[in-house]
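Student: generate coordinates for the sequence data below:
(one chain, ligands or ions: 1)
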Amino acid sequence: MKPKTSVYIATSVDGFIARPDGGLDWLEHDSGNDDYGFHGFIASVDSMILGRATYEQVLGSGVEWPYTGKHVIVPSTTLSAGDVPEELRGEVEIASGEPSELLAILERQGFKHAYVDGGVTIQRFLRAGMIDELTITYIPVLIGDGIPLFGALDGDIKVRHLSTNSFDSGIVQSLYQVAR
Ligand SMILES: NC(=O)c1ccc[n+]([C@@H]2O[C@H](COP(=O)([O-])OP(=O)(O)OC[C@H]3O[C@@H](n4cnc5c(N)ncnc54)[C@H](OP(=O)(O)O)[C@@H]3O)[C@@H](O)[C@H]2O)c1
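Tutor: This is a model prediction of the structure:
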């Protein structure tokens, strides 16, 4: 069976996931001790499809690799296996192909639930009908310009609203199931 696919992403209220230069400063928000369900979510996935641009940003940020224990496929037409840092080999795999082909790689390896991350990557998976669930966390700010969460579609995609929570911080989080 193909792995379940979930998106868990933060967006500005005007629909951007990063500034035009990739900046994420607007994400910094006083959240107290609340992680908005992220730890529970990340514990529920065994694998990731992590867009090449997001992967490179994580690697370049200098923080410790945050996805230890997850098998990560980085879809890319420009990177190759040799570009993966030594310490991540075995955990990070570079692949290219249609979303269904990327999921087939995870399926062959027995993975059950993949976290799909990165703007272009999420858009490609949505267009291919390969996303099951969307958790969207709205940060209460308009940033005017940037990398969009959503993009052009070949046709409408119906989503079923499952829940919405609002927090004292002003953050609103909604969970949608994508109709197949
Ligand atoms: N707000 C948030 O929660 C959040 C979450 C994640 C990311 N971000 C931000 O979003 C920005 C990056 O997003 P992005 O939209 O620029 O890109 P992205 O999805 O991270 O990466 C796009 C790249 O992934 C590769 N790719 C995707 N699908 C592919 C496929 N099927 N086959 C082959 N390659 C494929 C291509 O790489 P090649 O060019 O190598 O072919 C493409 O250029 C970063 O600034 C990041 O910080 C924000």
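Student: close to the ligand: what parts of the chain are there?
Tutor: Proximity of the chain to the ligand (CB under 6 Å from any ligand atom) is limited to residues 9-10, 17-18, 22, 24, 51-54, 57, 75-79, 96-97, 99, 117-121, 124, 147. Any C-beta I mention is one placed from the backbone N, CA and C, and that applies to glycine too.
Student: got the domain boundaries for this structure?
Tutor: 1-6+40-131, 132-146+157-180 (automatic domain parsing).
Student: select, out of those, the one closest to Glu28.
Tutor: Shortest distance between Glu28 and the domains of the chain, using CB to CB, is found for domain 132-146+157-180: 9.3 Å.
Student: residue ranges with poor pLDDT in this protein?
Tutor: 30-33 (pLDDT under 70).
Student: now do the helices in it.
Tutor: Ranges of helices in the chain, per DSSP state H, are 38-44, 52-60, 99-108, 119-127.
Student: which stretches of the chain form strands?
Tutor: Along the chain, the segments classed as strands by DSSP state E run 4-12, 16-18, 47-50, 71-75, 92-95, 113-117, 133-139, 147-148, 159-166, 172-178.
Student: and these as JSON lines, adding mean neighbour count and distance to Gly40?
Tutor: As requested, the strands of the chain are exported to JSON lines (neighbours: other CB atoms under 10 Å; distance: least, CB to CB, whole Å):
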{"stretch": "strand 4-12", "mean neighbour count": "20", "distance to Gly40": "10"}
{"stretch": "strand 16-18", "mean neighbour count": "23", "distance to Gly40": "21"}
{"stretch": "strand 47-50", "mean neighbour count": "25", "distance to Gly40": "16"}
{"stretch": "strand 71-75", "mean neighbour count": "23", "distance to Gly40": "19"}
{"stretch": "strand 92-95", "mean neighbour count": "19", "distance to Gly40": "24"}
{"stretch": "strand 113-117", "mean neighbour count": "24", "distance to Gly40": "12"}
{"stretch": "strand 133-139", "mean neighbour count": "20", "distance to Gly40": "10"}
{"stretch": "strand 147-148", "mean neighbour count": "17", "distance to Gly40": "26"}
{"stretch": "strand 159-166", "mean neighbour count": "12", "distance to Gly40": "13"}
{"stretch": "strand 172-178", "mean neighbour count": "17", "distance to Gly40": "12"}
